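Enquirer: Coordinates only, no sequence provided:
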DNA sequence: ATTAATTTTTAGACTTGCCTAAATATATTT
DNA sequence: AAATATATTTAGGCAAGTCTAAAAATTAAT
Ligand SMILES: [Mn+2]
Ligand SMILES: [Mn+2]
Ligand SMILES: [Mn+2]
Ligand SMILES: [Mn+2]
């Protein structure tokens, strides 16, 4: 069994491993968890003793298969709870993360299985992120950043890169929600901003925004 | 804001105050929480500093109005989650307590308000215990122990005194559920056992059982 | 009213998880 | 290849929460 803190470390390493390919550095973890490198060094030793990470001093850390499974299960719980909050309790997608951070640590296999069933076995959370299955496998769907589209290409919104409340509320304000179709009308060379059509609206989108919105090419 | 441990102490004192009238003793709290008296002494000082209990050395402890409100809110959350687990996730009434012990500490007013609404604003939990409202008020319903009934009296099951898994499973096995009507056919002087009619069945009930089942006289 | 038993508090220690500051190892420049 | 900069670990300390053992207060018994 793992403590709340251990679970948060495992989850952080899991998320970092999805984008990095080499071992995860102490600093990277400290940064992700908003803690200090020395605290990370301490915790890594405990995780190594519990055989959820492989650790060579100064060489960074890697999840073992067990570690991956434990971490994926926490992510699974986090995302299922997010779906629950949106689908059953009328939360909006920018309100769910902090509550899910708490709920993901509740220990009860039956609870999470029944929740999964209640929600109809969803495969994605409200931000378009995949929900790992019980074994920790995720169904990777092909997606691209909106910023990689060229003029006249069209696509469907499928996810966000930045799940901050600010960004999500911005998208709400602009009427950009998952599932909506986007067409790139213009691409400005100077600042890489885009003129897009979304629904019946035309919108100017800065490069910063386009770099945080995932789409699926059509 | 209160830590998980502080919340558990407040809840324990709250439950003890419902049956005791004098100040709650250190030992009583230690016993309730399965901890040591010395740990309780330590914690009581912290709770006193936070003005949720009134404490005079060696004289036991009493919840302040703030303390009562905080404690009632934890009980409210515990019982709402129990209803959720039974009503929405198909848990049986003997499986919910341990999970609710975890869920009661989740901090999100919106979560609990929306959960309340999803469940249709229930007033009782699966064990027949009252759910405090947002201000911490509980609606005390009149109820008696089955053991206090006399021959030929009839009543309806409304709650349990012992919520242990063992007792609840025993009730399930005997087909005794909340809402069922009971008629006392015989009362044995020798051992205070009862012969009851419940539904179409006749059952012999020991005094120990009758002392742990609440009914409402009809 | 003493003495004995029980309850409660205090003293000191331990674990977890975190921190700062210092030491050491690795990486980058010159 | 040295020197410098950066990253990581170690050393020592702190707060929360718990424990055992000892001291002090309260309660019960003689
Ligand atoms: Mn999230
Ligand atoms: Mn999410
Ligand atoms: Mn309960
Ligand atoms: Mn209950």
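Expert: Noted; the coordinates are in hand. Note that the coordinates shown come from a computational prediction; the quantities given were computed from them, not determined experimentally. Ligands and ions are numbered 1, 2, ... in the order given.
Enquirer: Toward the C-terminus, what is the element adjacent to the longest helix seen in chain A?
Expert: Of all segments of type helix in chain A, defined using DSSP state H, the longest is helix A:65-87. The helix or strand immediately downstream of helix A:65-87 is helix A:96-103, counting by DSSP states H and E.
Enquirer: what's next to the helix or strand that comes right after that following helix, contact-wise?
Expert: Downstream of helix A:96-103, the next assigned helix or strand under DSSP H and E is helix A:109-118. Residues outside helix A:109-118 that contact it (CB atoms under 8 Å, 6 or more residues apart in numbering or on different chains) are A:76-77, A:80-81, A:84, A:88, A:122, A:134, B:85, B:88-91, B:95, B:99. Every residue, glycine included, has its C-beta placed from N, CA and C.
Enquirer: Now with 7 Å, please.
Expert: Contact with helix A:109-118 is made by A:77, A:80, A:84, B:88-90, B:99, as judged by CB atoms under 7 Å, 6 or more residues apart in numbering or on different chains.
Enquirer: any chance of the residues you listed in JSON lines, plus distance to ligand 2?
Expert: Below are the contacts of helix A:109-118 laid out as JSON lines (distance: CB to the ion, whole Å):
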{"residue": "A:77", "distance to ligand 2": "12"}
{"residue": "A:80", "distance to ligand 2": "10"}
{"residue": "A:84", "distance to ligand 2": "12"}
{"residue": "B:88", "distance to ligand 2": "22"}
{"residue": "B:89", "distance to ligand 2": "21"}
{"residue": "B:90", "distance to ligand 2": "26"}
{"residue": "B:99", "distance to ligand 2": "23"}
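Enquirer: buried sites along the longest helix of chain A?
Expert: Residues A:67-86 are the ones in helix A:65-87 that count as buried (16 or more other CB atoms under 10 Å in any protein chain shown).
Enquirer: and if you look at stretch A:94-111?
Expert: Neighbour-count burial for stretch A:94-111, counted by 16+ other CB under 10 Å, picks out A:94-97, A:99-100, A:102-106, A:108, A:111.
Enquirer: How is the nearest residue to residue A:198 once chain neighbours are set aside assigned, secondary-structure-wise?
Expert: Using CB to CB, 6 or more residues apart in numbering or on different chains and skipping residues adjacent in sequence, the residue nearest residue A:198 is residue A:182, 5.2 Å away. For residue A:182, the assignment made with DSSP: H, G, I helix; E, B strand; the rest coil gives strand.
Enquirer: List the contacts of residue A:182.
Expert: Residues in contact with residue A:182 (CB under 7 Å, 6+ apart) are A:146, A:154-155, A:157, A:196, A:198, A:215.
Enquirer: do residue A:105 as well
Expert: Listed by CB under 7 Å, 6+ apart, the contact set of residue A:105 reads A:4, A:7.
Enquirer: how near is residue A:2 to ligand 2?
Expert: 21 Å (CB to the ion, to the nearest Å).
Enquirer: Looks to me like that residue is in a strand.
Expert: No - with three-state DSSP as the criterion, residue A:2 is coil rather than part of a strand.
Enquirer: Switch the contacts of helix A:109-118 over to JSON lines; also include pLDDT.
Expert: Output for the contacts of helix A:109-118, formatted as JSON lines (pLDDT from 0 to 100):
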{"residue": "A:77", "pLDDT": "98"}
{"residue": "A:80", "pLDDT": "98"}
{"residue": "A:84", "pLDDT": "99"}
{"residue": "B:88", "pLDDT": "98"}
{"residue": "B:89", "pLDDT": "98"}
{"residue": "B:90", "pLDDT": "98"}
{"residue": "B:99", "pLDDT": "98"}
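Enquirer: which one among the residues you listed gets closest to ligand 4?
Expert: Minimum distance to ligand 4 across the contacts of helix A:109-118 is 11.4 Å, recorded for residue B:99 (CB to the ion).
Enquirer: doesn't residue A:108 make contact with the closest one?
Expert: Yes - counting by CB atoms under 7 Å, residue B:99 does reach residue A:108; the two are 4.7 Å apart.
Enquirer: for chain A, what spans make up the strands?
Expert: Here chain A has its strands, by DSSP state E, at A:53-55, A:61-63, A:144-145, A:154-160, A:181-187, A:194-198, A:201-205, A:213-217.
Enquirer: To residue B:178, which of those strands lies closest?
Expert: strand A:154-160 (45.8 Å; CB to CB).
Enquirer: and the longest helix of chain A with helix A:109-118, angle?
Expert: 50 degrees (axes from the mean of the first three to the mean of the last three CA atoms, to 10 degrees).
Enquirer: who does helix A:65-87 touch, helix- and strand-wise?
Expert: Judged by 3 or more CB pairs under 7 Å, 6 or more residues apart in numbering or on different chains; DSSP states H and E, helix A:65-87 is in contact with helix A:4-19, helix A:96-103, helix A:109-118.
Enquirer: who wins for proximity to DNA strand C among those helices?
Expert: DNA strand C lies closest to helix A:4-19 among the helices and strands packed on helix A:65-87, at 3.8 Å (CB to the nearest atom of the strand).
Enquirer: So which residues make contact with the closest one?
Expert: With CB under 7 Å, 6+ apart as the test, helix A:4-19 has contacts from A:24, A:28-29, A:32-33, A:43, A:46-47, A:52-53, A:61, A:63, A:67-68, A:70-72, A:74-75, A:105.
Enquirer: just the angle between that helix and helix A:96-103, please?
Expert: 130 degrees.
Enquirer: Could you list the buried residues of helix A:4-19?
Expert: Residues A:6-14, A:16-17 are the ones in helix A:4-19 that count as buried (16+ other CB under 10 Å).
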